[in-house]
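# let me see the structure of the following:
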Amino acid sequence: MTARRHPPTPLSADGLSKSYGTVRAVRDVAFTAQPGRVTGFLGANGAGKSTTLRMMLGLVRPDAGRSAIGGRAYRDLDAPGRTVGAVLDLAAAHPAMTARAHVRVYAHLGGHRRERIDEVLAATGLTQAADRRIGGYSTGMKQRLCLATALLGDPAVLVLDEPANGLDPAGIHWLRHLVRSHADAGGTVLLSSHQLADLEQVIDDLVLIDDGSIRWTGSRPDFTSGHASLETAFLARTGQARTPAMAWHASPPAGGGVSTSPPAGFAGQASPPTGAAGYAVPPVGPGHGRADATMEEAS
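Model (predicted):
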């Protein structure tokens with residue numbers, strides 16, 4: 001059993017709302033990510049996930065409502081980098097810098113001990129690639145670098161926006177272990193993702209946002225009850241359970257048999273689709289070369 005090293009630090013939103021001009025991006029969002037659990041924040045593209053996460057971290061000013069981390073607003077935290085680690089934007093790293101230099105800068109800005117630089121590079125599998133320029137990194141390697149930066153302060157809370165983007169299967173396996181271990185150590189994990197199948201097995205609780213409003217909160221077993229998977233439950237609860245492609249496979253042709261052609265007017269496929277320290281991670285380094293980087297970029 002993982003030793004609990006993080007103090008209980010819930011992350012909550014209470015009535016958060018935000019509009020951009022006439023567009024109401026987020027409306028009265030309220031939920032709590034509990035310590036010791038991994039909370040999945042699910043929603044379609046444009047549903048309001050990223051805006052909500054940025055409001056919770058003080059990066060976007062809400063029109064109404066408040067958020068709290070351990071009962072305090074982000075701006076009121078004594079040591080925010082040691083309380084919250086966030087992955088929100090891959091573009092934050094300068095392409096001309098090496099990964100080691102990038103992490104060193106953030107360690108200095110956050111007042112973290114120098115030993116943490118090598119520790120987080122090792123924890124994210126970047127030790128062998130640490131002295132390469134970031135501009136040559138694949139998307140998956142940049143994602144690992146963002147996670148390394150987020151882990152510098154060994155924070156109690158992790159906020160991860162699409163953390164699986166660009167990761168290959170080995171990287172996704174590592175990510176599952178990372179978030180599960182963090183929660184088992186008493187930490188709070190809030191992550192948004194559209195790669196539902198990849199992260200389903202580590203999610204404890206779910207918050208579903210649709211069109212800027214919270215549609216469902218609760219445990220993963222309750223969310224998926226009566227459905228074959230998290231993905232089918234998500235599609236059903238967001239009213240997307242019967243897209244044209246699904247109707248094509250679900251409805252047999254007149255007279256019986258199996259249809260191998262899409263319905264008239266269907267513009268989709270022409271044929272049916274086929275069915276921090278202590279983390280063990282696969283290394284990324286010079287020996288892997290650009291072949292691995294290309295595989296990650298294509299995944």
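
# ok, and for stretch 169-183, which residues are buried?
170-172, 174-176, 178-183 (16 or more other Cβ atoms under 10 Å). (Glycine included, C-beta is placed from N, CA and C.)

# low-confidence regions, the stretch 101-250 of the chain specifically.
In the predicted model of the stretch 101-250 of the chain, residues 241-250 satisfy pLDDT under 70.

# my guess is residue 16 meets residue 65, correct?
Yes - in this structure residue 16 lies within contact range of residue 65 using Cβ atoms under 8 Å: 3.8 Å.

# which neighbours do those two have in common?
28-30, 55 (Cβ atoms under 8 Å, 6 or more residues apart in numbering).

# make a ChimeraX selection of the buried ones in those.
Entered in ChimeraX, the line below selects the buried ones among those, by 16+ other Cβ under 10 Å:
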select :29,55
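
# go through the shared contacts of residue 16 and residue 65 and name the one nearest residue 204.
Nearest to residue 204, judged by Cβ to Cβ, of these is residue 30 at 18.8 Å.

# let me see the contact set for the closest one.
12-16, 65, 214.

# how about the closest residue to it other than its chain neighbours, secondary structure?
Counting by Cβ to Cβ, 6 or more residues apart in numbering, residue 14 is the residue found nearest to residue 30 once chain neighbours are left out, at 5.3 Å. Secondary structure, DSSP: H, G, I helix; E, B strand; the rest coil: residue 14 is strand.

# contacts only, for residue 14.
30, 65-68.

# which one (most neighbours) among the residues you listed?
residue 67 (22 neighbours; other Cβ atoms under 10 Å).

# just grab the bridge partners of that residue for me.
Here residue 67 sits in beta bridges with residue 13, as judged by DSSP bridges.

# check residue 32 too.
Beta-bridge partners, per DSSP bridges, of residue 32: residue 12.

# so how far is residue 205 from it?
9 Å (Cβ to Cβ, to the nearest Å).

# find residues that contact each of those two.
Counting by Cβ under 8 Å, 6+ apart, nothing touches both residue 32 and residue 205.

# of the two, which one has the most company?
residue 205 (21 against 16).

# pretty sure that one contacts residue 218?
Yes - with contact defined as Cβ under 8 Å, residue 205 counts as touching residue 218 (6.8 Å).

# re earlier: output the shared contacts of residue 16 and residue 65 in CSV; the columns should cover secondary structure and distance to residue 145.
Shown next, in CSV, are these (DSSP: H, G, I helix; E, B strand; the rest coil; distance: Cβ to Cβ, whole Å):
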residue, secondary structure, distance to residue 145
28, strand, 35
29, strand, 30
30, strand, 33
55, helix, 25
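
# what's the closest of the shared contacts of residue 16 and residue 65 to residue 143?
Nearest to residue 143 among the shared contacts of residue 16 and residue 65, with distances taken as Cβ to Cβ, is residue 55, at 22.8 Å.

# the closest one and residue 9, how far apart?
18 Å.

# touching, residue 135 and residue 95? I think so.
Yes - counting by Cβ under 8 Å, residue 135 does reach residue 95; the two are 3.1 Å apart.

# closest one to residue 154 out of the buried residues of stretch 169-183, please.
residue 182 (9.8 Å).

# tell me the SS of residue 208?
In the three-state summary, residue 208 is assigned as strand, counting by three-state DSSP.

# which residues touch it?
Residue 208 neighbours (Cβ under 8 Å, 6+ apart): 42-43, 214-217, 223, 234, 237-238.

# beta partners for it?
residue 42, residue 216.

# what about it, distance to residue 135?
Where residue 135 is concerned, residue 208 sits at a distance of 37 Å (Cβ to Cβ).

# how about the helix or strand where residue 233 lies: buried residues?
Remark: residue 233 resides in helix 230-237, with elements defined by DSSP states H and E. Going by neighbour count (16+ other Cβ under 10 Å), the buried part of helix 230-237 is 230, 233-235, 237.
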